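Asks: I would like the atomic coordinates for the input below:
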Amino acid sequence: MYLNCHTYYSLRYGTFSEIDLLELAKKKNIDSLFLTDINNTSACLNFIRKSKDFNIRPLIGIDFRNHGKQNFVGLAKNNNGFLELNQFLSYHSENNLMIPDLAPEFMDCFVIYPFEKVLELEISNFKTKEYIGISVEEIRKLRFSRLKSLKDKLVILQTVTIRNKKDFNAHRLLRAIDNNTLLSKLDKEQECKETEIMYSKSELLEHFKDFPNIIENTENILNTSDIKFDFGNDRISQNLKIYTSSEDEDYQLLKQLCYSNIKRRYNQPSQNVLNRLEKELNTIRELNFVSFFLINHDIVTYAKSKGFFHVGRGSGANSIVAYIIGITDVDPIELDLYFERFINPFRASPPDFDIDFSWRDRDDVTAYIFRRFKNTALLATYNTFKYRAVVRELGKVFGLPKEDIDKLSSGNYNFNSLDEISRLVLKYGKLIEGFPNHLSVHSAGILILEKPVHYFSATDLPPKGFPTVQFDMIIAEDVGVFKFDILGQRGLAKIKDSIEIIRNNQPNAPKIDINDVESFKTDPNINNLLRKGGAVGAYYVESPAMRGLMIQLQTQDYLGLVAASSIIRPGVSGSGMKDEFIKRHRSPEHRKDAHPELMRIMPETYGVMVYQEDVLKVANQFADLSLGEADVLRRGMSGKFRSRSEFKAVEKKFIDNCKKKGFDDKLIFEVWDQIKSFAGYAFAKGHSASYAVESYQSLFLKCYYPLEFMTAVLNNGGGFYSAEHYLHEAKKQGAKICLPCINTSDHPNIIIGKCIYLGLGNLRNLEAYTIQRLLSERQLNGDFNSLDDFIDRVFISIEQLTILIRIDAFRFTKISKTELLWKAIFKLNANGIKSNQSKLFKVSHKDYKLPKMNSSEIENAYDELELLGFPMSGYFEMVSEDLKGGILAKDMGKYVDKNVIIYGSLVTTRYNKTYQGKLMRLSTFIDIEGDYFDAVHFPDIVDKYPIHGLGIYACYGKITDRFDFYSMNVLKSRKVSLVSDPRI
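Replies: This is a model prediction of the structure:
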């Protein structure tokens, strides 16, 4: 009997979830109801999916409102009606239009106008499927209204928004947050009524007993409406089914693409290659994934036509079909990639293809997909209220002073000493925490569907400019909507930009074939970079953890890097198997420690589970689980389960089967614990291999064109480290780093020979318009020959000119910065007022005679620190004390298990948690010679000797040796003082 029920997806309005709504309906003996969130369809699919658990017949619609004021409720008579409602809402939301007072004539929807709205608009004529909604509260008014005579047009419209007084209070707070107003000033029209509750069926019928026609009309709407979507095991793929004109034509095209391109990948294809290809093609056809492969191929082909680089990864990287037709660059034969991880007869969803493009190219690829395929949208994600943020919002709503809000949100308070308002803030903060706050865009997911997108959801148009559905990835997969992952990353942009920079800086250099990865893999110089941990700037292998792992593993080949990419993940690392793998990798005699059965299953990884495929292999071959059951383990590890019951059933069978095979409990539970420890962290081997391919491309550039490569790294936002550190790395490779210059520098960093000129874009507070004017003028009329010339030609304020002078961008004048600053002040008035109009005649400048003024090196360093964020000479040149008694990083191996001092300039530091949940700190420094060393600050040291920002630290601690990788366990540390700025 309920035609208008809200959940908390009526954003900043509703107060409970779609599951809570079903539970409430069950409790009230309601067997059928409409979910109609306000201008939103996020909960619809999951509401339908979960309704079976409560034996409730679900129906859906939309409550159309403008700024909280209800216009009408649209109810979907069937799936086509839902499509109509979604199209109507999407048109208005995407074009930022108000919902009209009157609904259009829908073909398969009922429209309910609220009683008060009908009176307000004086609506007298109603279309066939239009009705007047009467709430329990409005029955009294109806008895005396002219509308009472419209017996066939009256229905029950008892809106459900709250369950109790607590919900109502939470609702009012949400409305105040949404309206950015004090609770005391919240307009009553922005609130729901306290009577918007759900009565039991018998109670509701009792209220309307004098109006049997209203009950009958309401039941007629409920009984003639039906909505159907299939979920879980009953679902079918909703993705675009046919790429060409028929399934057979699709298959023939995919097969033709494979056999016309196979020689490009395998010069002389072996029988093993041909068998694998045929096996994959047949399985892809049987599972109806042909169009999925063709669509991905289409996307990649477009990108290649535009000169875009890409990396194909995910489980699809295990596919020889994907490798041959160019979606991925990972050879599954070379790496013995497990076919069943990529695709198996028990898998209902298509394989994962995560296709990376440069962060600069991704939007163009996305735009192409929307042009190329008809039914396309981005996938949504939900931004929820976080506890601290909602406490701040509630503090403002209640009118608390800022100091009180800061105290509550930081958690730095004594609850017993709080006043009543503060306690209410905390109470309702806990209640609202986790509610959806607003919809956002999934980081990568694009939907390409067979049916119109609005068949499943309304769409919004966020700042990205592409229609976006209102549901997330989990419900999408449940209903058979599988996303295409199109991602942007900076690593590919670094590679692309490096090649362009090399072409400009070294025009006579040999032409680079960046796709010649096979030769990169066997290049001893490149592999030596890996082995020595010299991969700073290279994608995925530059972090301190990876650098250390490379040294520990003595990684010097492609397969070693593939393994390293996976064993560094928390799943392997946390189980203790990382150390075991390193030990067995370095010392063959330790390989006998592996259980013979596990060694047989995983010889390449010495009996250690490293990849997701290893879990499938162990489940299938060690515990005799079927491939379908093994796939349950894989999905269980991905964290996508809504329920763990299926996972638990497989766990029991795993253990029971192993016992039947005679394995002892110690081994069984040791293996099972390793499987569980993977929980969402393990990579598919093909995924790791894809990362490794891109890493080798970066390493090639770092090895043979280090200066151009580091310039590209800097121009693409760096990576793991700061710009200062990448400049340090460039200096180690022989670069001369030059401060910005108004006659040489561009907006990005540029390289001329071995000189890297810092870009004007590096200067803090230098406005983009200033840079644009400077560069445009220089391009049109040539270099500047003096400060006066610059002032004549470029419209600039004294504040902006001061930045350029202080960073020594006018050093070509041979005049000191201090003298230039004084001249600039004299030449530009104090307010910086200067006409932007071109001068008809050249201005004659007065030459001010100033005394000789010079800047000191320490003054320059502080200018650089302020304007760039770091001193060009490094912090070691700024210390105010003698650094005595320390050792160098290169000598750490001589002092294992001894306590020493090392002076280090902080590169990066981060917190980590111990197994007991305590905080520890991992830091990386460079010593006075520019060499790295890593330090660990255990929980008892972290707070006692904190790290206070960048600078020089005296680190005293014990040197440890972990597989020939030396680091320090810090016992004490202090920040070394710097020479003060003499101008202060």
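Asks: any weak-confidence spans in the stretch 101-250 of the chain?
Replies: For the stretch 101-250 of the chain, applying pLDDT under 70 flags no range at all.
Asks: before we move on, what about the stretch 851-984 of the chain?
Replies: 851-854.
Asks: and Met920, what helix or strand is that in?
Replies: If you go by DSSP states H and E, Met920 is part of strand 919-926.
Asks: cool, Tyr251 as well?
Replies: In this assignment (DSSP H and E), Tyr251 forms part of helix 247-265.
Asks: what's downstream of that helix, the next helix or strand?
Replies: Trace forward from helix 247-265 with DSSP H and E and the next one is helix 271-286.
Asks: For that following helix, name the packing helices and strands.
Replies: helix 247-265, helix 320-324, helix 339-342 (3 or more CB pairs under 8 Å, 6 or more residues apart in numbering; DSSP states H and E). In this view, the C-beta of every residue, glycine as well, is placed from N, C-alpha and C.
Asks: mean confidence score for that helix?
Replies: Helix 271-286 carries an average pLDDT of 93.
Asks: Can you list the neighbours in contact with it?
Replies: With CB atoms under 8 Å, 6 or more residues apart in numbering as the test, helix 271-286 has contacts from 251, 254-255, 258, 262, 266, 290, 293, 319-321, 324, 332-333, 339, 343-345.
Asks: run the last query once more with 10 Å
Replies: 247-248, 250-251, 254-255, 258-259, 262, 265-266, 269-270, 289-293, 318-324, 331-333, 337, 339-340, 342-345, 347, 350-351 (CB atoms under 10 Å, 6 or more residues apart in numbering).
Asks: hey, where'd the strands end up in the stretch 751-900 of the chain?
Replies: 755-757, 899-913 (DSSP state E, counting those that start in this stretch).
Asks: Which one, of these, ends up nearest to Ser32?
Replies: Checking the strands of the stretch 751-900 of the chain against Ser32 by CB to CB gives strand 899-913 as the closest, at 48.7 Å.
Asks: Parallel or antiparallel, list what pairs with that closest one.
Replies: Strand 899-913 has the following strand partners under DSSP bridges: strand 919-926 (antiparallel), strand 952-962 (antiparallel).
Asks: now those as JSON lines including distance to Met577 and mean neighbour count?
Replies: Shown next, in JSON lines, are the strands paired with strand 899-913 (distance: least, CB to CB, whole Å; neighbours: other CB atoms under 10 Å):
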{"stretch": "strand 919-926", "distance to Met577": "20", "mean neighbour count": "19"}
{"stretch": "strand 952-962", "distance to Met577": "15", "mean neighbour count": "19"}
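Asks: Any chance of JSON lines for those strands, columns distance to Leu888?
Replies: Output for those, formatted as JSON lines (distance: least, CB to CB, whole Å):
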{"stretch": "strand 919-926", "distance to Leu888": "11"}
{"stretch": "strand 952-962", "distance to Leu888": "12"}
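Asks: about what we covered before: make a PyMOL selection of the buried ones in the contacts of helix 271-286.
Replies: Buried residues among these (16 or more other CB atoms under 10 Å), as a PyMOL selection:
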select buried, resi 250+251+254+255+258+262+265+266+269+289+290+291+292+293+318+319+320+321+322+323+324+331+332+333+337+339+340+342+343+344+347+350+351
